[in-house]
Structures are given as structure tokens and as C-alpha cells.
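Visitor: Sequence and predicted structure below; questions after.
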Amino acid sequence: MALVVGQNILIEKIGCVEVDFAWRSLKSDLNLAIHAVAFSNGAVLAKSPVDPKKWTQPDAVNQDNSGRHFTIQFPQLASKVDRIAFYGFLPENSHYSLKQMSHFQIRVNDLSLGRLAKMDVQAFNETHKGVLLFEFYKHNNMWKLGYKSLPLKTSYLTALTQLGIRFIKSAASGDSKAASMPQHEESEVETVTHPLNNSLIDNVELKKGQNLSLSEHFNHCSAITCKLNVVPKIDDLALNVVAINRDNKVNNIKDFLYHENTILRGEGVKLDDSEISINIDLLPSDVTKIQILVTRRASSKRINSADFIELSLSNTYTEQKMAKYVCETTDKNYNTMVLLNFYRHHKGWSIRAVGQGFSTGLEKIGERYQFSPPKLRYVPPQAPLSSISLEQEIAAFEAENKTAVDKHKKMQSLSYMLMGIAALLVLLTFSRLLFLPLACLLGGLGWYLFQRASKALKAIQDERFERLVLNMIKGNNYQLTPFDIATHCRVNIERATEMLDKLCGQGLGHTAINREGAIFYDFSSLKNSTR
């Protein structure tokens, strides 16, 4: 869930948590450092004095070499730790400020529960040298997460000295006034209340012909997700990918990705309907350019049926927005259009907004890169599963399992007959008590067969209902509410809630709260298993 500044959330069953920080800066020597500071009863838990250049993390807290990824083993934390605060500081005496940063995002994930929180850090001004980002803290023996985003005007050493940390170097203690300042005083802390600067928080919007160096501006990012958005939506408009070698050619048809060939050799590029995943580290060494294009599968139709086409780029792991290219198509009499090129530049990678169209479709692409592209056939989409009634789904499933259904229905009919005979014998017992044991036997047997057949039929219906709900989960981007199910299926909200709770009990999902405070069921953990 996306948090706003000042929001606190309860974290249940917390285990191993991963925290990822991502930001963009045009300054290569900004050198922002992230620190995790542990507290106990308001005091910092740190070995003192410490070397400011060799900051040690609390026990059970690990930081990788990049300095942007933390792993916290909450079950292994010392019992006296009741708060872990995450700070970001520029180097001491840095001539920069946090204003040189943009697109600052934080992702918090639990390895068993999935995504816990997402935080988009607000813009800063030229006086800010550090920031208290967020914290984990104990409340009534339960861990909570609080999003702070409190900018600091003080430097690294001064701020940590105010928290009670003593350093080996005397420079940290030079400001006696700062060292003696009570911990509850925050005269150097201010909250950003001015309007957000859109130029700092919005992703880069590329213009036709413009280039952007990924290696220079996003050197921490090796996995990129490209998403296509078409307004209005066109069912037969498809994404395609062409992998081009050093000779400006395509090696073979396997280097052209479409709906029947979705993975590039080496798995550096994966195509999934309107989404492309690119892992730069896995790209074949002979590939120098990755070209992304859109094509109408119905060759007689043109792209100008859409008002505009947008391709957005984001960090796969942090979902940080990187760039987007919006192409207006209303006056384009094209069948195929090249949107973006990913290409090797020196020792890194760059992207270029192309926006070039071809009326002859993929034939022109094939001529340019000397390969024979396949014929793309358009298959009309089937009606979404969620629009089919539950009774129709169950009927279809029963048709697939007709033998088992007929067997259990015959067993139900036999049970009715046995219980009827038993009832008749009960009436006869008024004249002859000899029939009473036989009536009890037949009645009990009939009841047993009825219960067995009813349970078997209910199991078949429940299995079909579960399959229907799983398909609805996938079709609703793995987030669903009981109301969504009840409005598409002829079941009440209680029955829908019961099924969602059952799936959560199997470890497939969990409940969460959106920004509006509404509860929904999150099944994001199923994404990898369904692809």
C-alpha cells in the first residue's frame, strides 16, 4: 500500500523484511548514505565512540554493498530494541543539498507476506542535508511502520551527535551546543509544507528523437519494466520486440518476440501482452539494440484508431518511475510503429524515443534487419470469466466431470428410496415391532448415502467456485474484494468472503488496506506462479 506522510500501519506476523531505497540524481558524486539506527527506551543502541566512516548496523540488520538494500530479521532482534529509524545523510561538508535528488522511493517487503508499504519521498529544498525517512517501532508489543519524511538542515555528524552518539573524531564534538541539546528538541527539523515540485517527482517525458542515458542517470537499475497504455484500448494492438546484433541484423526469427515467442534467448527480455521485462545483465553479448514496436495484428487496420500510445518505463524491483514516451497517433496512417530503442552506448545502455511508423507493417522491419517476420494472426478475445454466472461455470465443470456427477446423483436417489422404505416400515411397526430394526437399518443407510453424495457434489461445486475466484483474482491484477465476486457471481458476500479467507488461510494472500482505508484481499504472491 502507498503511504502518505504521517501515516502509521500495523504489521502483523512480521518476519524477515527487505527495505529498498531508490532515487535519481544528475550529480554522480552526491553520495547520499542511508543509516539504520536502533533505539531502546529513547536512547540509541550503538557502540560508542564509533568511527563515522565505518557505521555499524544493529544486530539482525544487514545492509548490502550498494547501501540501498536492507534486510531485517525481526525474530532475531534483541528484545530491548523497540525502534529502528532510517536516516539519509549527505557527506560531511558536502556542497550539495537533497534538492539535487528526485524520484526518491522506498519499498518495504516481507518475504512471507509480500509488499508491506510503498513510500514516495517528497521534494526537498537547498537547505536540507539529511532526512528522517521512516521507522519501525513497537507499540503494545506489536510492530508498526511510521512514514516520517522529516527533512534535516543539520549535517551527518551533528544530527547523530544530537541523538547521543559519540564519534572517534573530535570534529563531531566540536559543537558543544549541539552535543548538549536534549533529544526531544527538534529546532533543526522542519516539515515540507510547500507544494510539490512536479519537475522533481514526475518521471521523464521523452520527446521524439530524444536520448536518455540509463547508465548515467539510473546506474543502480538493471531490471526495467515497460508497460503499454493505449487510449482508447485496441484489442488487436500488440507489443513486439526485435533484438538486433552488431551488424544491424536479426540473427534469426527467435530474436523477434511476439505472442508465440515471448522470451529472448538468455531470458534477458520477456514479453507478456502489454508489458515487457528487460534484464540488462542477462542480455546476450551480441545484442546491441533492443527495439520496441507496436503492430496491428489485423493488417487492414491502422494505428490511428487510437488517440495516443504511451510506453512507460519503471524499475522492476522498486517500481520507481523512470521515463515515458507518449506518441499521438490520430494522423498516423501506420500499421506498425517503433516506439523506443534500447541501445549500447560506450560501456552502458541508453534509450531513444523513435516514433517512426510504417504503413507496410512488419515487412519493412524485416527488410531493414534482414529477417522474415511471422504473420501475426488476430484472435478475438473471449468473454472475461468474471462475466459468466456461477451456475454456468458449475454446469460447465459438471459437464467435464459428468461420470462423477451422475454417480453421486444416483447415490442421492438411492438414499431417498431407502429413507422412504424406512419411513414406511416405521408406520408398519405399529402393527409388528419386527420391522423396527429393519427400518432403523435402512433409514441409517439412506442417510449415510445422502450425506456422502451431498458432500461429494458440494466438493465439485466448491472446486469450480475456487477456480472461478482464482481467475477473477488474476483478471483484477491480484487484488479483489468480496463485493467484486458478489457482483459478478450469484453468491452472497458471506460466501465470497468465506472463499477469500480460505485462500488466505492456504498462504496464497492476505488482507490489506488501500489509501482510502478500505480493506481488500491482496494475492500479489501469485504473480510469479501464474506466469
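Guide: Ah, there it is.
Visitor: Would you map the helices across this structure?
Guide: Counting by DSSP state H, the segments of the chain that form helices are 156-162, 176-179, 198-201, 214-217, 362-369, 390-400, 402-428, 435-475, 482-488, 493-505.
Visitor: List the buried residues for stretch 230-240?
Guide: Neighbour counts over stretch 230-240 (16 or more other C-beta atoms under 10 Å) mark 230, 234, 236-240 as buried. For glycine as for every other residue, the C-beta is placed from the backbone atoms N, C-alpha and C.
Visitor: Out of the helices and strands in this structure, which is least certain?
Guide: In the chain, no helix or strand scores lower on mean pLDDT, DSSP states H and E than helix 198-201, which sits at a mean of 33.
Visitor: Using JSON lines, lay out the buried residues of stretch 230-240 together with distance to A159 and pLDDT.
Guide: As requested, those are exported to JSON lines (distance: C-beta to C-beta, whole Å; pLDDT from 0 to 100):
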{"residue": "V230", "distance to A159": "48", "pLDDT": "87"}
{"residue": "I234", "distance to A159": "54", "pLDDT": "81"}
{"residue": "D236", "distance to A159": "57", "pLDDT": "82"}
{"residue": "L237", "distance to A159": "52", "pLDDT": "86"}
{"residue": "A238", "distance to A159": "53", "pLDDT": "86"}
{"residue": "L239", "distance to A159": "47", "pLDDT": "92"}
{"residue": "N240", "distance to A159": "52", "pLDDT": "94"}
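Visitor: Now tabulate these in a markdown table and tack on distance to L45.
Guide: Output for those, formatted as a markdown table (distance: C-beta to C-beta, whole Å):
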| residue | distance to L45 |
| --- | --- |
| V230 | 53 |
| I234 | 58 |
| D236 | 61 |
| L237 | 57 |
| A238 | 56 |
| L239 | 51 |
| N240 | 55 |
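Visitor: Grab the nearest non-local neighbour of W447.
Guide: Nearest non-adjacent residue to W447, counting by C-beta to C-beta, 6 or more residues apart in numbering: M419, 6.6 Å away.
Visitor: Could I get the pLDDT score of the closest residue to Q291 other than its chain neighbours?
Guide: Using C-beta to C-beta, 6+ apart and skipping residues adjacent in sequence, the residue nearest Q291 is V242, 4.3 Å away. V242 is assigned 96 on the pLDDT scale.
Visitor: ok, now F308?
Guide: So, for F308, pLDDT stands at 80.
Visitor: how close does it sit to N471?
Guide: Going from F308 to N471 by C-beta to C-beta, to the nearest Å gives 31 Å.
Visitor: The residue nearest to Q291 touches Y258, doesn't it?
Guide: No. At 10.0 Å, V242 does not count as touching Y258 under the criterion of C-beta atoms under 8 Å.
Visitor: The two: who's more crowded?
Guide: Counting neighbours by other C-beta atoms under 10 Å for V242 and for Y258 shows that V242 has the greater number, 22 against 18.
Visitor: Next, work out how far apart the more buried one and L470 are.
Guide: 35 Å.
Visitor: N141 now?
Guide: In terms of C-beta to C-beta, N141 sits 36 Å off from L470.
Visitor: Between these two, tell me which one has more neighbours.
Guide: L470 (18 against 6).
Visitor: who touches that one in this structure?
Guide: Taking C-beta atoms under 8 Å, 6 or more residues apart in numbering, we find L470 in contact with L503.
Visitor: Nearest residue to N245 in space, ignoring adjacent ones along the chain?
Guide: D286 (5.0 Å).
Visitor: Also T262?
Guide: L271 (4.4 Å).
Visitor: related to what we said a few turns ago, now the residue nearest to N245: phi and psi?
Guide: phi -80, psi -10 (degrees, to the nearest 10).
Visitor: ok, it - contacts?
Guide: 245-246, 251 are the contacts of D286 under C-beta under 8 Å, 6+ apart.
Visitor: same thing with V131?
Guide: 87-88, 98, 121, 124, 149-152.
Visitor: and if you look at I290?
Guide: So I290 contacts 241-244, 269, 278, 283, 341-343 (C-beta under 8 Å, 6+ apart).
Visitor: Can you lay out the residues you listed as TSV showing distance to L145?
Guide: As requested, those are exported to TSV (distance: C-beta to C-beta, whole Å):
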residue	distance to L145
V241	38
V242	44
A243	42
I244	45
V269	35
I278	31
L283	36
N341	40
F342	36
Y343	41
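Visitor: Can you tell me which of those lies closest to Q76?
Guide: Q76 has its nearest neighbour among the contacts of I290 in I278, at 36.3 Å by C-beta to C-beta.
Visitor: Could you find the closest non-adjacent residue to that closest one?
Guide: Nearest residue to I278 in three dimensions, chain neighbours excluded: I224, at 4.7 Å (C-beta to C-beta, 6+ apart).
Visitor: what's the closest of the contacts of D286 to F483?
Guide: N251 (50.8 Å).
Visitor: how far away is the residue lying closest to F86 once chain neighbours are set aside from D20?
Guide: The shortest distance from F86 to any non-neighbouring residue, by C-beta to C-beta, 6+ apart, is to L133 (4.6 Å). Going from L133 to D20 by C-beta to C-beta gives 12 Å.
Visitor: which stretches of the stretch 1-150 of the chain aren't confidently modelled?
Guide: Applying pLDDT under 70 to the stretch 1-150 of the chain flags residues 26, 47-48, 52-53.
Visitor: With just CA atoms, put stretch 92-102 into PDB.
Guide: Extracted in PDB, the C-alpha atoms of stretch 92-102 (Å, rounded to 0.1, in the frame of the first residue of the first chain):
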ATOM      1  CA  GLU A  92      30.000  15.900   6.000                       C
ATOM      2  CA  ASN A  93      30.800  19.400   4.400                       C
ATOM      3  CA  SER A  94      29.100  18.400   1.200                       C
ATOM      4  CA  HIS A  95      28.500  21.300  -1.100                       C
ATOM      5  CA  TYR A  96      25.200  19.700  -2.300                       C
ATOM      6  CA  SER A  97      21.800  19.500  -0.800                       C
ATOM      7  CA  LEU A  98      19.000  17.000  -1.100                       C
ATOM      8  CA  LYS A  99      17.400  19.200  -3.700                       C
ATOM      9  CA  GLN A 100      19.700  17.500  -6.200                       C
ATOM     10  CA  MET A 101      17.700  14.400  -5.800                       C
ATOM     11  CA  SER A 102      14.400  13.300  -7.300                       C
END
